[in-house]
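> Just need the structure, nothing else, for what follows:
(2 chains)
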Amino acid sequence: MSILEFVANGLVFSSIIVLASIGLSLVYSIADFANFAHGDTMTVGAYTALVTFGVTGPIASGVLGLPVGFFIAIVAGVVLAAVVAVVTHRIIYEPLDIDSIGLLITSIGVAFVYRSVIRLGFGSGTNEFGIPLQRPIEALLPFGIRMTVHDVAILCSAAVLVVGLHLLLQYTDLGRKMRATADNPSLARVSGIRTRRVELWTWVIGAGLAGAGGVFLGLYQNVAPRMGFDILLVVFAAVILGGIGSVYGAMAGGFLIGMINQMMPILPNFGREVPFVPESFAIPIGIEYANAVAFLIMVAVLLLRPSGIAGGEAT
Amino acid sequence: MSSLGDRYDDLSAAEQGVSVFIVGLSLLLVIGLVTGGLSPTYFLYLVGLVGMYVLLSFGLNSQWGYAGLINFSVAAFFGLGAYGTALLTASSSPIGVGGSRLFGVIPLTLVGLLVAIVLAIVVAVAIGIPTLRLRADYLAIASLGLAEVVRLLFLNQQEVTNGSAGLRGIPGFFDGWPLLGTFPEAMPGLRFAELEVSIPGLFSTRILGFTLGTPFWQALLNVALVFALAGGVYLVLRRAHRSPWGRVLRTIRSDEDLAEALGKNTYAFKMQAFVLGSVIMALGGVFYAHLNLFVSPGDLEPINTFYVWIAVILGGSGSNRGAMFGGFVVIAIREGTRFLGDVLPAAFPVDLPLITSVYATVVSNIASTRLLAVGVLIIVVMRFRPQGVLPPQRELIWPQSVADSSGPGETNPRETVTEDAAASAHADPDSVDEGGERDE
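Reported below is the predicted structural model:
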């Protein structure tokens, strides 16, 4: 496989990670806690899309190899993920009278509830969207890139969502209020911003993006109850790399972590090439360690620049 | 009996509830033992597991309950302990040492214990260095990552760890020890004849009817080991937490800026607490390896970390009595759901449209139901009783100072610590922000 192919894979995987990390970062900056249920919110989105697509069925002739029914399914996934997150916020997080660490622990309980309900409904095995697999795009094969139109669809959709979020944050009233609330909640409240409503919209947007990310992850790999939790660590690594609470940092961090994750096969015997390490201790790093490498990058960032790439600027 | 009644009245409502719960569950277990529904060897295995969870909860307590360190890699340190000793002693270990003694003198399991402790210290320091200076949630995320790395290493380094097959043929902890090593074989088997008990006209049942052989004595030895470990750790922790060192930790937990202003090196204190807790967790792992005689990367799944978290927050963060109660409840959840799955009827007795199908799903997927129970329990405890069922009271204070106060009630020193915990729980969000900025 060529380097270009890894880059292409990296771009697709990065789009998914970026969608997930933006949501996590938004909630981090406004609700002020590390939401461990974010990964399982992605799973909720993926399973909603699975069910919806089963109902709408593959209505023929769509865009980029995806039937029209699938786009309906994406919307359903986004909507239900947002609804579930808002309901959770209202009935669980909001009445709590504890600090951010207490909220963090509670979100683990929430994650377990999401995942176990999904497992009770769909079993613990994997599912797939009933979309026929695409052949790699012919035009790209001479460059050594094996990429399907589905991959292109993921890439484009993520780009549209990211640009949309940028416009929302910079040019709308809600976006300004969100940035103000993230920056200084008390000041925002005194200035007459209804922070409670802003917080609610943050959950809608954050969980909606997570839902979309979950659907794309399901299309990219397959749909399984643990899919979201398994990717959560990578998403956290991206958010920390970007600087906790910064949306643009999360975009950059998600992009970098996603690329590195898919570039792993380039270094199958990295350990053997490190100087001063005895041959027998060399650890051949394969794709199975992709998550571990994300973690090591995260630790390195914490050591060198704890505030991340974006330097701790909120939103 | 009157003194027992007085002491019962002396307890708080929560303590009374817990006492009643424990007595009730113990009675149920005794009935199970007598009627033969529960074999004595399995019962001792369960007691061993409770002891192990108590150890793990003690470890987490000295990190989270006292210093406020949020460690999500309990399973990793537990796994380091279990693998540390298993890699050395297991017969199927790729890097094991043959025989049961090193140089014919030192029992190999003792070396395994030391290896496990050293591994835990090294890893705890490695993860503590980048994260303990930062906001508390960095440690949460980084430690979850660490747990994943450790699990992936044990899963994928097949030539060292045997991979997903796990390690078999781990000897009992006392193998190769003088006297204790041959204790189970040396003990005679005991036979309990089956008896028929009946109240004429009312009921009759068969009770007892089992043999206690070598496995039973082996299990008894294991229980003695975990009691010794947990008892030792309890004494050390009680002493440590009442000492000036423990008081500094509690100050750090409730107000880190204050501790710093008082001239304490909070980073060093947090590191000490983190290492201490990790070593205790590794002890739990060592015990597990020699109890279960088999370890695999599945034991390092994150869910095991959260079982320990349940034990600690349910019992009461910072309370060692709470940790014991929590360990008890966790085993009741883990083993009880297994038992319930076998006992409950597969179909709901009354045919109601929705309930019947939901019931069938819940009963037939007991693993998912257990996960649901764990999740709901976390949410309910955090919502309605964030300080836990048995918050730390008397145990943190020298008995002398309790005796000097006005006696049991709601307004004596017993309450000071709970107020501390409450103060930290209601910490001003702005002060948290300042703490975060100082890190940069």
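
> Get me the contact residues on the stretch 151-300 of chain A for chain B.
Contact residues (CB under 8 Å from any CB of the partner chain) of the stretch 151-300 of chain A with chain B: A:185-186, A:229, A:233, A:236-237, A:240, A:283, A:286, A:288-289, A:291-292, A:294-296, A:298-299. C-betas here are computed from N, CA, C, even on glycine.

> From the residues you listed, which land in helices?
Among those, the members found in helices (DSSP state H) are A:185-186, A:229, A:233, A:236-237, A:240, A:291-292, A:294-296, A:298-299.

> State the pair within these that is farthest apart.
A:Ser186 and A:Ala292 (40.2 Å; CB to CB).

> Which secondary structure state is assigned to B:Ser92?
With DSSP: H, G, I helix; E, B strand; the rest coil as the basis, B:Ser92 sits in coil.

> Need the pLDDT of A:Asp230.
Here the pLDDT value assigned to A:Asp230 is 87.

> same deal with B:Glu415?
Value for B:Glu415, per-residue pLDDT: 40.

> Quickly find the element holding the residue most central in space within chain B.
Within chain B, one residue has its C-alpha closest to the average C-alpha position: by CA atoms, centre = their mean, that is B:Tyr53, at 2.0 Å. Element membership for B:Tyr53 (DSSP states H and E) is helix B:40-60.

> again with B:Ala360
Short version: B:Ala360 belongs to helix B:353-364, going by DSSP H and E.

> Over to A:Val18?
With DSSP H and E as the test, A:Val18 turns up in helix A:3-30.

> Give me the mean pLDDT for that helix.
In the prediction, helix A:3-30 has an average pLDDT of 89.

> by how many degrees do the next helix or strand after it and helix A:3-30 diverge?
Using DSSP H and E, the helix or strand that follows helix A:3-30 in sequence is helix A:38-56. Computed by axes from the mean of the first three to the mean of the last three CA atoms, to 10 degrees, the angle separating helix A:38-56 from helix A:3-30 equals 110 degrees.

> Check which element follows helix A:38-56 along the chain.
Downstream of helix A:38-56, the first helix or strand assigned by DSSP H and E is helix A:68-88.

> and the helix or strand just after that next one, what other elements does it pack with?
Where DSSP H and E defines the elements, the next helix or strand beyond helix A:68-88 is helix A:100-122. In terms of contacts (3 or more CB pairs under 8 Å, 6 or more residues apart in numbering or on different chains; DSSP states H and E), helix A:100-122 is packed against helix A:38-56, helix A:227-242, helix B:136-156, helix B:302-315, helix B:353-364, helix B:366-384.

> Output these in JSON lines, with mean neighbour count and distance to B:Gly232 appended to each entry.
Below are those laid out as JSON lines (neighbours: other CB atoms under 10 Å in any protein chain shown; distance: least, CB to CB, whole Å):
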{"stretch": "helix A:38-56", "mean neighbour count": "25", "distance to B:Gly232": "39"}
{"stretch": "helix A:227-242", "mean neighbour count": "27", "distance to B:Gly232": "35"}
{"stretch": "helix B:136-156", "mean neighbour count": "24", "distance to B:Gly232": "26"}
{"stretch": "helix B:302-315", "mean neighbour count": "25", "distance to B:Gly232": "19"}
{"stretch": "helix B:353-364", "mean neighbour count": "13", "distance to B:Gly232": "41"}
{"stretch": "helix B:366-384", "mean neighbour count": "19", "distance to B:Gly232": "29"}
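
> Run through the chain and note the low-pLDDT ranges.
Reading this off chain A. A:1-2, A:58-64, A:266-286, A:310-315 (pLDDT under 70).

> Chain B was what I was after
In chain B, residues with pLDDT under 70: B:1-7, B:9-10, B:36-37, B:98-105, B:179-181, B:183-197, B:201-211, B:341-343, B:346-352, B:393-440.

> Pull out the buried residues from stretch B:223-239.
B:Val223, B:Ala224, B:Leu225, B:Val226, B:Leu229, B:Ala230, B:Val233, B:Tyr234, B:Leu237 (16 or more other CB atoms under 10 Å in any protein chain shown).

> now swap in stretch A:5-14 and tell me
For stretch A:5-14, the neighbour count (16+ other CB under 10 Å) marks A:Glu5, A:Phe6, A:Ala8, A:Asn9, A:Gly10, A:Leu11, A:Val12, A:Phe13, A:Ser14 as buried.

> Of those residues, which are in range of chain B?
Within those, nothing lies near chain B by CB under 8 Å from any CB.

> Closest to chain B out of those?
Nearest to chain B among the buried residues of stretch A:5-14: A:Phe13, at 17.7 Å, using CB to the nearest CB.
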